[in-house]
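J.: Sequence and predicted model, in that order:
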Amino acid sequence: MRALLDGSRVRVRPADDTAGREATRRVRHEVYCVEKGFLDDGALFDPYDDRATVLHAFDGDEPVGTLRITDGADGPLELLEMHPELEALIPPGRRYVEISRPMVVRRYRGFHATVPLL
């Protein structure tokens, strides 16, 4: 697998500033609004984004992928709020995270952006 990544120009970094939030918006808009057609721009962010770590895959300055990691130690997770019955499956005293909203723009899907991001 390492050989597949060595030639990749895609780099992953945290989206922890205004430019990172704009990169998130661009990728989510392209995938959710343009490609899938099931969200409008007003629904691209939610309260979980404010306390999550968002990672981005970039090809140079172009954002090509993103995913969100939410730590259960920082508050409730989206999945558990939507499906509270799943909480019984989490062993007591364990720390857990939720990885959500993984997406890569169509032209970068496959090893070029997906593998480095995950």
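T.: Yep, that arrived.

J.: which stretches of the chain have low pLDDT?
T.: Counting by pLDDT under 70, the chain has low-confidence residues at 1-8, 39, 41, 111-118.

J.: which residue lies farthest from the center of it?
T.: Of all residues in the chain, Pro92 has its C-alpha farthest from the mean position, at 26.7 Å, by CA atoms, centre = their mean.

J.: Distance-wise, check it relative to Val27.
T.: Using CB to CB, to the nearest Å, Pro92 is found at 37 Å from Val27. Where C-beta positions appear, they are placed from N, C-alpha and C, glycine not excepted.

J.: elements contacting the biggest strand by length in the chain?
T.: For the chain, the strand with the greatest residue count under DSSP state E is strand 62-71. When contacts are defined as 3 or more CB pairs under 8 Å, 6 or more residues apart in numbering; DSSP states H and E, strand 62-71 packs onto helix 18-28, strand 53-59, strand 97-104, helix 114-117.

J.: Pull it out as PDB, backbone CA atoms only.
T.: C-alpha atoms of strand 62-71 as PDB (Å, rounded to 0.1, in the frame of the first residue of the first chain):
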ATOM      1  CA  GLU A  62      -7.500  22.400  -3.800                       C
ATOM      2  CA  PRO A  63      -9.700  20.600  -1.100                       C
ATOM      3  CA  VAL A  64     -10.600  17.200  -2.400                       C
ATOM      4  CA  GLY A  65     -11.900  15.400   0.700                       C
ATOM      5  CA  THR A  66     -12.900  15.700   4.300                       C
ATOM      6  CA  LEU A  67     -14.100  13.800   7.300                       C
ATOM      7  CA  ARG A  68     -15.100  14.600  10.800                       C
ATOM      8  CA  ILE A  69     -14.000  13.000  14.100                       C
ATOM      9  CA  THR A  70     -16.100  13.700  17.100                       C
ATOM     10  CA  ASP A  71     -14.900  12.700  20.600                       C
END
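
J.: Thanks again, I'm all set now.
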